[in-house]
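Engineer: got a sequence here, can you build the structure:
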Amino acid sequence: MNRRRAAPPRAVYAVVAAALALKLVLLAGVAGKRPQALVYIDSGTYLRPALALLRHGSFSPSPESVPEPEINRTPGYPLLVAAGWRLLGEHPWVPPFLGALLSAGTALVAAGLATRLFGGRAGVAAAVLVSCEPGTFLRSLDFLSDTPFTLALTLFVSALAGYAGGDGTSPARAGFWLALATLVRPLSYYLLPLGACFVLVVFRRRGRRSFRAACGAAAEFLLPALLLVGGWQTRNLARANAFTLSPIASSELLFYRAAPVLARAEGVPVPGMQERLGNRERWYRSGGGTEREIFGEARYRDLFPATSGLSLVELNARWRRQAIAIFAAHPFLTVAMAAKGAAILLLTPSSLILSVQYGLLVPDATLVGLYEDQRVGPFALRLARASPWLFAASAVLVALLAALWGAASRGLWLARRELPAPVRLALVGTFLYVVVVSAGFESSDDRYRLPLVPIACVCAARMFAGPSAARTDRIIGAA
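Structural biologist: The predicted structure is shown next:
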């Protein structure tokens, strides 16, 4: 069956342009009155390597540390920021300006995918949903890598759905966008082999095709990753004697996955357990600040004599072994904490962090402690007493998030006979992968939810397509 690619309706561009204009107005206001609202605790770990790239052409932890190689952060976001500074000048508004543009790009990609799947009305609906989702709108201005990662991952999902639906999309195209996303954030690293297996299975389902040819399609998908991701790992091997994409995953495994498990097992607050396991050492070794900023008058070598002499790769390997040992000792609690992390990831309102960032709330120590320890019930009660308006706004945002996930589920159900199983699996599989790998203790920061929103909005857009969604310009798949 011949299929034509459907361009999104003009209304899509009007919606995205209006949302972009509002973001730029917000940026202009914030940049002049409260620029610190866009900067977070780990923003510097991206911006300092970007400055090293810009001023010295070296990907190092900071301009002062050149030529020491930076291996903790992958190069995607620092390279983007450095390129923006090179073109527009070394101004603080450049990274959030780029974020606003990339967020608009994500809305266009999602609208394009929804149009191909369900028609023009669905494309407009997807554009509205992505552009107006509060977290996506506001967090696009952050000095963080989440917005560019979300765009690259959405491009991957769009290409993978096109390949799965048989519209002629090359598997290499999907592989390129996934490899690029992985260089922005290592979160998608394990999606690379899963995507290759998916390509192989879809290829085999299309008639009587040899297993050798299917392996060729999977290899085509993996080729960009071999060049981009494998190339970066080779660089780290040559510069730091470590064939790794980034050792940061090991530290997160201990401090954001295993530490909460051990804290709950011992009945102590999670931040205290993180400190006991060496959280300040983690921040220092990952470029989170100077020795004086993190340890005060104390010396790092005196506080951590057993590990200060280890390389960053060796230290992260040690942390990974500790984390695995904790999981093995508490398997049921590990599963329970992961389930709680998934729920928090999906439902934490953006208002909690942004109200503090924008100076709308100065929380007391008790409220901060309950939030950092993820005591959801006591935190909600304390918030209702401390700031009734923020509690009400947060409750509304939670309801909107629940409605989005419900609409996405309903849209998938309506499309069950319209889209072939491989297309639905491309959407749902990517969504679930991000949920699983993001469902840690840090998921109370709603920015980790950003990659899920475009996928959910595409699925939810089916509800607005009407009964005429079965059209020849959507992907109905040959597989």
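
Engineer: same question for the one helix or strand Asn316 maps to: list its buried residues.
Structural biologist: If you go by DSSP states H and E, Asn316 is part of helix 312-329. Using 16 or more other CB atoms under 10 Å as the test for burial, helix 312-329 gives 312-313, 315-320, 322-323, 326-327. C-betas here are computed from N, CA, C, even on glycine.

Engineer: okay, those in TSV with pLDDT next?
Structural biologist: Formatted as TSV, the entries for those read as follows, by pLDDT from 0 to 100:
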residue	pLDDT
Leu312	84
Val313	84
Leu315	91
Asn316	89
Ala317	90
Arg318	93
Trp319	94
Arg320	94
Gln322	95
Ala323	95
Ile326	97
Phe327	96
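
Engineer: these: which two are farthest apart?
Structural biologist: Farthest pair in the buried residues of helix 312-329 (CB to CB) is Leu312 and Phe327. Separation: 22.5 Å.

Engineer: re the thing from before, please work out which residues outside the helix holding Asn316 touch it.
Structural biologist: Contacts with helix 312-329, where a contact means CB atoms under 8 Å, 6 or more residues apart in numbering, come from 71-72, 240-242, 244, 247-248, 250-251, 253-255, 257-259, 261-262, 265, 277-278, 281-282, 285-286, 307, 310, 334.

Engineer: then stretch 198-210?
Structural biologist: Applying CB under 8 Å, 6+ apart, the contact partners of stretch 198-210 are 160, 163-164, 166, 171, 174, 211, 213-215, 217-218, 220-221, 422, 425-426, 429, 478-479.

Engineer: among those, name the ones in helices.
Structural biologist: Among these, DSSP state H puts 160, 163-164, 171, 174, 211, 213-215, 217-218, 220-221, 422, 425-426, 429 in helices.

Engineer: any of those residues buried? List them.
Structural biologist: By 16+ other CB under 10 Å, the ones in helices among the contacts of stretch 198-210 give 160, 163-164, 171, 174, 214, 217-218, 220-221, 422, 425-426, 429 as buried.

Engineer: where is pLDDT lowest across these?
Structural biologist: Across the set of those, Ala214 stands lowest in pLDDT, at 90.

Engineer: for that residue, which residues are in contact?
Structural biologist: By CB under 8 Å, 6+ apart, Ala214 lies in contact with 200-201, 203-204.

Engineer: most surrounded residue in these?
Structural biologist: Using other CB atoms under 10 Å as the neighbour test, the contacts of Ala214 are led by Phe203, with 23 neighbours.

Engineer: for the strand or helix carrying Ser131, give me every contacting residue.
Structural biologist: For Ser131, the host element (DSSP H and E) is helix 120-132. Applying CB under 8 Å, 6+ apart, the contact partners of helix 120-132 are 6, 8-9, 11-12, 15-16, 18-19, 104, 106-108, 110-115, 136-137, 404, 453-454, 457-458, 460-466, 469.

Engineer: could you export it as CSV, CA atoms only?
Structural biologist: Only the C-alpha atoms of helix 120-132 are listed here, as CSV (Å, rounded to 0.1, in the frame of the first residue of the first chain):
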residue,chain,number,x,y,z
GLY,A,120,-4.1,16.6,11.2
ARG,A,121,-6.4,17.2,14.1
ALA,A,122,-4.3,14.9,16.2
GLY,A,123,-1.2,16.8,15.1
VAL,A,124,-2.6,20.1,16.4
ALA,A,125,-3.7,18.4,19.6
ALA,A,126,-0.2,17.0,20.2
ALA,A,127,1.4,20.4,19.5
VAL,A,128,-1.0,22.0,22.1
LEU,A,129,-0.4,19.3,24.7
VAL,A,130,3.4,19.4,24.4
SER,A,131,3.6,23.2,24.3
CYS,A,132,1.3,23.8,27.2
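
Engineer: after that helix, which helix or strand is next?
Structural biologist: The C-terminal neighbour of helix 120-132 among helices and strands, as given by DSSP H and E, is helix 134-139.

Engineer: quick one: average pLDDT of that following helix?
Structural biologist: On average, helix 134-139 scores 95.

Engineer: so what secondary structure elements neighbour it?
Structural biologist: In terms of contacts (3 or more CB pairs under 8 Å, 6 or more residues apart in numbering; DSSP states H and E), helix 134-139 is packed against helix 10-33, helix 94-118, helix 146-164.

Engineer: now do the helices in the stretch 301-450 of the chain.
Structural biologist: 312-329, 331-347, 351-357, 365-372, 376-386, 388-414, 421-438 (DSSP state H, counting those that start in this stretch).

Engineer: could those go into TSV alongside distance to Leu53?
Structural biologist: Output for the helices of the stretch 301-450 of the chain, formatted as TSV (distance: least, CB to CB, whole Å):
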stretch	distance to Leu53
helix 312-329	19
helix 331-347	32
helix 351-357	27
helix 365-372	33
helix 376-386	40
helix 388-414	37
helix 421-438	28
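
Engineer: of those helices, which approaches Ala37 most closely?
Structural biologist: helix 351-357 (4.5 Å).

Engineer: so the closest residue to Phe464 other than its chain neighbours versus His330, what's the distance?
Structural biologist: Of all residues not flanking Phe464 in the chain, Ala125 sits nearest, at 3.8 Å (CB to CB, 6 or more residues apart in numbering). Using CB to CB, to the nearest Å, Ala125 is found at 44 Å from His330.
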